[in-house]
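In: prediction below, plus the sequence it came from.
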Amino acid sequence: MDITMNYYSSILIFGVILFGSVIFKLLGRLWWNPMKIQRLMRAQGVQGPSYNFIHGNTKEMYSKRIKAMAKPMQLSHRILPRVLPHILSWLNQYGRNYVQWFGAEAHLVITEPELIKEVLNNQHKSFPKAKLQGHIHKIFGNGLATAEGQKWVNSRKLAHFAFHGDNLKNMIPSMVQCAETMVEEWAHHEDKEIDVFKHFKVYTLDVISHTAFGSSYEQGRNVFQMLQRLCELSITNRYKVRLPVISKILKSKDDIEGQSLEKKMKDCFVEIIKAREEKLNNDEANDYGNDFLGLLVKAKNDPQDSQRISLEDVVDECKTFYFAGHETTNVLLAWTMFLLALHKEWQEKARNEVFDVFGHSNPTFEALPKLKTVIINYNNKT
């Protein structure tokens, strides 16, 4: 009887100690550490909204965003009040540099050009890339956007080679073909309004699918649909704070869906990669292909261990390229069309220049640099 009582007493004491340890660590992470950082920053003259237990400033960020989105947007380049209203508000209140809180994580916001330049140059490697979490990590993984060190060097080398001048030249026929399909669709909407943003989304998707995945572009489009859904989940959960440990045990409906999408995407990529490898192994092709995926598969099977990348690396690079390349290009095209609609004199200049350079023929790689109004020379841009 005494042995049994001692046993249960020991278990109870151990449980109390373990529970107390967890609570102590949580309090340290969710209260003591944030308050310490806040005192240190304010002692250096860096102000900001006060830290609130667990959620930080996310509730204020969310409420300011909802309030801004509820108002009609004026036709202006001044979009900061709409897309990041909390930053504009706190810049006006606390100065050009301030600290805000995403949960218990401190974010130092800087707007002074010299400080921004120092961070971007990062000569002393003092500013590592942010560690992506949640649904946004499922989108980018550990690809070029988040990689550092030698992994980043290898990823950058592959991307640079994939989009070298000669390779870009070979992509132009696919780009033209996809554009012709889109324009033919527009012809059926003469004298009607067209949502160009939606059309450009399809166009850029088709271009990336063809140029990155070659004959597997239909599967590439399926991957994109899953990436789009992950993006929606990321936006929906943007201001939701994840508690350490607890969030790994108690998963929300969105978390479960995100995990499922991530697995489906990987399975789809694995299927595409294996198809490329089997074609070469069965002598149905001379190489893995010159598109982006082909270069990645070649690197995966590189005979030198130091140059070889893993299957996970191939999947992450494809996801990064697919999402980042599509989203940025789609938005840029839509915004350009919007500006041309506002400034019709530039619309006329651009149209006349295209006809002067190409006539009624399709664009060519050699003639593209002659367009001074339509595009900016890449060297000047960088």
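Out: That came through fine.
In: the strands in the stretch 1-150 of the chain, which residues?
Out: 97-102, 105-110 (DSSP state E, counting those that start in this stretch).
In: which of the ones you listed sits most buried?
Out: Highest mean neighbour count of these: strand 97-102, a mean of 20 (counted as mean count of other CB atoms under 10 Å). Quick note: C-beta positions are derived from backbone N, CA and C, even for glycine.
In: quick revisit: adding distance to F161 and mean pLDDT, write the strands of the stretch 1-150 of the chain out as TSV.
Out: Shown next, in TSV, are those (distance: least, CB to CB, whole Å; pLDDT from 0 to 100):
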stretch	distance to F161	mean pLDDT
strand 97-102	37	96
strand 105-110	34	94
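In: out of those strands, flag the one nearest E185.
Out: Proximity to E185 (CB to CB) singles out strand 97-102 among the strands of the stretch 1-150 of the chain, at 41.8 Å.
In: and that closest one, how far out from the chain's middle?
Out: Relative to its parent chain, strand 97-102 has a centroid offset of 22 Å by CA atoms, centre = their mean, to the nearest Å.
In: how's this structure carved up into domains?
Out: 17-127, 149-327, 343-382 (automatic domain parsing).
In: which of those domains is buried the deepest?
Out: With a mean of 16, the top stretch among these by mean neighbour count (mean count of other CB under 10 Å) is domain 149-327.
In: under the pLDDT cut-off, which ranges of the stretch 201-350 of the chain? List them.
Out: For the stretch 201-350 of the chain, the stretches with pLDDT under 70 are 215-217, 220, 244-247.
In: and the helices in it, which stretches?
Out: 217-236, 246-249, 253-281, 292-300, 311-342, 344-358 (DSSP state H, counting those that start in this stretch).
In: for the host helix or strand of E184, packing partners?
Out: E184 belongs to helix 165-187 when elements are defined using DSSP states H and E. Secondary-structure packing of helix 165-187 (3 or more CB pairs under 8 Å, 6 or more residues apart in numbering; DSSP states H and E): helix 196-213.
In: what's the angle between the helix it packs on and helix 292-300?
Out: If you take axes from the mean of the first three to the mean of the last three CA atoms, to 10 degrees, helix 196-213 sits at 40 degrees to helix 292-300.
In: could you dump helix 196-213 to CSV, C-alpha only?
Out: Taking Å, rounded to 0.1, in the frame of the first residue of the first chain, the C-alpha atoms of helix 196-213 are listed here in CSV:
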residue,chain,number,x,y,z
VAL,A,196,-7.9,41.8,-67.2
PHE,A,197,-6.6,40.7,-63.8
LYS,A,198,-8.3,37.3,-64.1
HIS,A,199,-7.2,36.9,-67.7
PHE,A,200,-3.6,37.8,-66.9
LYS,A,201,-3.8,35.2,-64.1
VAL,A,202,-4.6,32.5,-66.6
TYR,A,203,-2.0,33.9,-69.1
THR,A,204,0.9,34.0,-66.7
LEU,A,205,-0.1,30.6,-65.4
ASP,A,206,0.0,29.1,-68.9
VAL,A,207,3.3,30.7,-69.7
ILE,A,208,5.0,29.5,-66.5
SER,A,209,3.4,26.0,-66.8
HIS,A,210,4.7,25.6,-70.4
THR,A,211,8.2,27.2,-69.9
ALA,A,212,8.9,25.6,-66.5
PHE,A,213,7.3,22.1,-66.9
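In: just how off-centre is it within its chain?
Out: 17 Å.
In: which residues sit against that helix?
Out: Helix 196-213 has contacts (CB atoms under 8 Å, 6 or more residues apart in numbering) with 171, 174-175, 177-179, 181-182, 185-186, 217-221, 224, 272, 291-293, 318, 321-322, 325-326, 329-330, 333-334, 337.
In: do the same with stretch 27-41
Out: 47-48, 50-51, 53-54, 56, 99, 101, 104, 106, 108, 244.
In: now those in TSV, with distance to L27?
Out: What follows is the contacts of stretch 27-41, written out as TSV (distance: CB to CB, whole Å):
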residue	distance to L27
Q47	25
G48	22
S50	18
Y51	14
F53	10
I54	11
G56	15
V99	21
W101	16
A104	11
A106	17
L108	24
P244	12
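In: closest one of these to P81?
Out: G48 (19.1 Å).
In: list the contacts of V109.
Out: Going by CB under 8 Å, 6+ apart, the list of residues near V109 reads 48, 87, 90-91, 97-100.
In: got it, and S50?
Out: Q38.
In: need phi/psi at it.
Out: Main-chain dihedrals, S50, degrees, to the nearest 10: phi -70, psi 150.
In: what about the helices of the stretch 201-350 of the chain, which gets the closest to G20?
Out: Using CB to CB, the nearest of those to G20 is helix 246-249, at 16.7 Å.
In: picking up where we left off before, as TSV, the contacts of V109 with distance to D287 would be great.
Out: Formatted as TSV, those follow (distance: CB to CB, whole Å):
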residue	distance to D287
G48	54
I87	48
W90	53
L91	52
N97	51
Y98	53
V99	52
Q100	50
